[in-house]
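**Q** below are the sequence and a predicted model; questions follow.
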Amino acid sequence: MRDKLLILSVFIVASCGLAYELIAGALASYLLGDSIFQFSSIIGCYLFAMGIGSHISKYVPERRTLDTFIEIELLVGLIGGLSATLLFVIFAWASAPFRSVLYALVFITGTLVGMEIPLVMRVLNQRQTAFNDIVSRVLTFDYMGALAVSLLFPLVLAPHLGLARSALLFGLINVGIALMTTRIFRKELIAPNTQMMRGGIALLVLTGAMFSAEHLTRWSEKSLYGDEIIHAQTTQYQRLLITQWKNDTRLYINGNLQFSSRDEYRYHEALVHPVLAKLPQARRVLVLGGGDGLAVREILKYANIEQITLVDLDPVMTDLFTHNAKLTGLNQHALSNPKVKVVNADAAQWIEQNQDIFDAIIIDFPDPSNFALGKLYSVPMYRLVMKHLSENGLMVVQSTSPLHAPYSYWCINATLQSVGLYTHPYHAFVPSFGEWGFILASKKTGYTPPTSYSVAMKFLDAETTRQMFFFPPDMQPVKTEVNQLNNQSLVHYFEQDWSKVIR
């Protein structure tokens, strides 16, 4: 019976070990961006540390094997459990040492986790269990535990508990394993009373942290963003945070500003109206991204539009901007309009499977800061989008800043041209972002900017529009590669461009 409990503990500690790795990778991606690099480097560091931990475990004296396993569980529970909360606080307090602390925690946790399985195998071996059976059972439960948490983390834990409380939950589980092992193997331990006392203290610390984790995370984010946080939520796909200062409401996704209510109208008018003002015959519009409904608000100003299909990955995002009173005040209840159909799906997959044709396509994806987003600006994606655009239709892509990120901007332009589209680059000044760029594209030549508008706007008029399509000397085109799916040159351009900008 005791051996079975030890084997079961392998399943649990394997789950906890992988959970800390996933949480560190997700948190680094949210705070630092570039998810592929963050996950790759953290996984590499973690696995390397596990190897070191496995090697260190052989120096544990035989008589202290079980005691050491319990001590390791307590340490992993405390360090791994508190890691996410600690990292949030450090990032808000002083971002400079964040990476050092992040990798130090990953390395320490990985080293301790690497010691767990060898120690369990040694305990089982001491109990005269056949070695072949030990290896088979331990590894089987190890891999099963890893599978379980790899499914639970993105589907249940991160969306509902958040990163900080998920880490604390697994920390509590590690401490629970330590206490259970102490109780069951009490007679075989050197200092069972000491282990129980340590376990009790660890349990109190983690339980207290569990109750205060949300408060600490909010305090950290408030210190980071400065304004009052009125909504913060970790979804299956991203971290959404909304702040309020006087009459300024701001949305951040994974720490990146998406809009400020003080000047978002400049961005969204520039995004939508140079397209729709030239399409009085338009009836059907496709919006890719733009789950805040602000672009849809502008589209609904045109009486000739009969149907708008909005495709956004995150249902939490679209639900928030459909039902939250403050946010629906910004988009004027656009997502509840009967003309609007909201689809929560991966835009690339949806557009590949759908057969509909649209008179106008508005592409409002986040900036291509990682490879997952970069694919949405690639040749295959634009070929698919082109198939859904009517022969006389127009499409527009938000394309980052031609001033601060010129290689990124003109790479998007070159990529659109590479699939046979005629492009018409333009830009607008949005105070929250600076000079921002858009690229209008069509299947046919002959587009000219609007000289008048039939709908009410705060920003655009004929003269402003004319100036938007003029590029001064410091924003002239630069030669770039096309963004292919297999090279993702746009993501590299984006990193290089923005690394030169002092924020």
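**A** Okay, I see it.
**Q** can you give me the strands for this protein?
**A** Assigned by DSSP state E, the chain shows strands spanning 228-234, 239-245, 248-253, 256-260, 284-289, 307-312, 340-344, 358-364, 389-398, 422-430, 434-442.
**Q** now tabulate these in JSON lines and tack on mean pLDDT and distance to residue 150.
**A** No exception for glycine: its C-beta is placed from N, CA and C like everyone else's. Below are the strands of the chain laid out as JSON lines (pLDDT from 0 to 100; distance: least, CB to CB, whole Å):
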{"stretch": "strand 228-234", "mean pLDDT": "84", "distance to residue 150": "17"}
{"stretch": "strand 239-245", "mean pLDDT": "89", "distance to residue 150": "20"}
{"stretch": "strand 248-253", "mean pLDDT": "92", "distance to residue 150": "24"}
{"stretch": "strand 256-260", "mean pLDDT": "90", "distance to residue 150": "26"}
{"stretch": "strand 284-289", "mean pLDDT": "97", "distance to residue 150": "28"}
{"stretch": "strand 307-312", "mean pLDDT": "98", "distance to residue 150": "25"}
{"stretch": "strand 340-344", "mean pLDDT": "97", "distance to residue 150": "23"}
{"stretch": "strand 358-364", "mean pLDDT": "98", "distance to residue 150": "32"}
{"stretch": "strand 389-398", "mean pLDDT": "97", "distance to residue 150": "33"}
{"stretch": "strand 422-430", "mean pLDDT": "97", "distance to residue 150": "40"}
{"stretch": "strand 434-442", "mean pLDDT": "97", "distance to residue 150": "38"}
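**Q** make TSV from the ones you listed and add mean neighbour count to it.
**A** Putting these into TSV (neighbours: other CB atoms under 10 Å) gives the following:
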stretch	mean neighbour count
strand 228-234	17
strand 239-245	19
strand 248-253	20
strand 256-260	18
strand 284-289	24
strand 307-312	22
strand 340-344	17
strand 358-364	24
strand 389-398	21
strand 422-430	19
strand 434-442	22
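**Q** export these to JSON lines and tack on distance to residue 493?
**A** Output for these, formatted as JSON lines (distance: least, CB to CB, whole Å):
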{"stretch": "strand 228-234", "distance to residue 493": "29"}
{"stretch": "strand 239-245", "distance to residue 493": "25"}
{"stretch": "strand 248-253", "distance to residue 493": "21"}
{"stretch": "strand 256-260", "distance to residue 493": "17"}
{"stretch": "strand 284-289", "distance to residue 493": "20"}
{"stretch": "strand 307-312", "distance to residue 493": "25"}
{"stretch": "strand 340-344", "distance to residue 493": "30"}
{"stretch": "strand 358-364", "distance to residue 493": "18"}
{"stretch": "strand 389-398", "distance to residue 493": "15"}
{"stretch": "strand 422-430", "distance to residue 493": "16"}
{"stretch": "strand 434-442", "distance to residue 493": "13"}
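**Q** ok, longest helix in the protein?
**A** In the chain, taking DSSP state H as the definition, the longest helix is helix 192-225.
**Q** who are the packing partners of that one?
**A** For helix 192-225, the packing partners by 3 or more CB pairs under 8 Å, 6 or more residues apart in numbering; DSSP states H and E come out as helix 65-93, helix 158-184, strand 228-234, strand 239-245.
**Q** can you do 7 Å?
**A** helix 65-93, helix 158-184, strand 228-234 (3 or more CB pairs under 7 Å, 6 or more residues apart in numbering; DSSP states H and E).
**Q** show me how far it is from its chain's centre.
**A** Distance of helix 192-225 from its chain centroid, counting by CA atoms, centre = their mean, to the nearest Å, is 25 Å.
**Q** just stretch 396-406 next, same as before
**A** 21 Å.
**Q** do the same with stretch 46-65
**A** Per CA atoms, centre = their mean, the centroid offset for stretch 46-65 relative to its chain is 34 Å.
**Q** what residues of it count as buried?
**A** Neighbour-count burial for stretch 46-65 flags 46, 49, 50, 53, 54, 57, 60, 65 (criterion: 16 or more other CB atoms under 10 Å).
**Q** where along the stretch 351-500 of the chain do the helices fall?
**A** Using DSSP state H, counting those that start in this stretch, the helices assigned to the stretch 351-500 of the chain run over residues 371-374, 379-387, 406-418, 462-468, 489-499.
**Q** relative to residue 228, which of those helices is closest?
**A** helix 489-499 (27.6 Å; CB to CB).
**Q** who touches the closest one?
**A** 367-371, 374, 377, 400, 404-408, 411-412, 480-481, 483 (CB atoms under 7 Å, 6 or more residues apart in numbering).
**Q** let's have the helices and strands packed on helix 192-225 in a markdown table, adding distance to residue 430.
**A** Formatted as a markdown table, those follow (distance: least, CB to CB, whole Å):
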| stretch | distance to residue 430 |
| --- | --- |
| helix 65-93 | 26 |
| helix 158-184 | 31 |
| strand 228-234 | 22 |
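**Q** go through those and find the least confident stretch.
**A** Among these, strand 228-234 carries the lowest mean pLDDT, at a mean of 84.
**Q** among the buried residues of stretch 46-65, which one lies nearest to residue 290?
**A** Closest approach to residue 290 among the buried residues of stretch 46-65 (CB to CB): residue 46, at 36.5 Å.
**Q** who's in contact with residue 112?
**A** So residue 112 contacts 53, 72, 75, 76 (CB under 7 Å, 6+ apart).
**Q** can you count the residues close to the third one?
**A** This points to residue 75. Residues lying near residue 75 (other CB atoms under 10 Å) number 20.
**Q** right, so the helices of the stretch 351-500 of the chain: which one is the most enclosed?
**A** helix 406-418 (a mean of 23; mean count of other CB atoms under 10 Å).
**Q** rewinding a little: can you tell which of the helices of the stretch 351-500 of the chain is closest to residue 308?
**A** Closest to residue 308 of the helices of the stretch 351-500 of the chain is helix 379-387 (CB to CB; 16.2 Å).
**Q** walk me through the domains of this structure.
**A** Split into domains by automatic domain parsing, the chain comes to 2-225, 228-257, 263-499.
**Q** now do the end-to-end distance for the second one.
**A** What it means is domain 228-257. Domain 228-257 has an end-to-end distance of 15 Å (CA to CA, to the nearest Å).
**Q** same deal with the last one?
**A** The straight-line separation of the ends of domain 263-499 (CA to CA) is 25 Å.
**Q** what's the weakest-modelled helix or strand in the chain?
**A** In the chain, the helix or strand scored least confidently by mean pLDDT, DSSP states H and E is helix 131-152, which has a mean of 71.
**Q** much appreciated, bye for now.
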